[in-house]
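> Sharing a model that was predicted from the sequence below.
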Amino acid sequence: MAQLIVRNLEDVVKNKLRELAESHGWSMEEEVGGLGTRLMERFRDCASDDVEISELRGEPPQRAELEP
C-alpha cells in the first residue's frame, strides 16, 4: 500500500477531514484513501499510462486554480 504524506495542511482542512472520517467510522488515512479512489474513478477517462507524475518534494505549496 502506498503512503501519502501531506505537510502544511491548514487546520480547518485537517479538522474537516477528521470530522468526515469520524462520521464514516474510520481513520483519516482511510478517508483520504477513499478520496483518492473517487478521484481516480472520476478522471479514469483522462488517464494515460504515458503520463508521468513527477514528485514535488522541496517545492513550495501552491493553490490549485480551478475553473467553475
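Nice, thanks for sending it over. Numbers count the residues shown, from 1 in each chain.
> Could I get the pLDDT score of the residue of the chain most remote from its centre?
Taking Cα atoms, centre = their mean as the measure, the residue most remote from the mean C-alpha position of the chain is Asp50, 21.5 Å away. pLDDT, Asp50: 73.
> so it is in which element?
Assigned by DSSP states H and E, Asp50 belongs to no helix or strand.
> Can you give me the distance of it to Arg42?
From Asp50 over to Arg42 the distance is 20 Å, taken as Cβ to Cβ, to the nearest Å. Every residue, glycine included, has its C-beta placed from N, CA and C.
> got it, and Ser27?
For Ser27, the distance to Arg42 equals 23 Å [Cβ to Cβ].
> what about those two, which has more around it?
Neighbour count, other Cβ atoms under 10 Å: between Ser27 and Arg42, Ser27 has more, with 12 against 9.
> need the contact list for the more buried one.
Ala21 (Cβ atoms under 8 Å, 6 or more residues apart in numbering).
> same check, this time on the one 4 residues further on
The contact partners of Glu31, by Cβ under 8 Å, 6+ apart, come to 17, 20-21, 24.
> So it, which state does it fall into?
For Glu31, the assignment made with DSSP: H, G, I helix; E, B strand; the rest coil gives helix.
> Thank you kindly, that will do.
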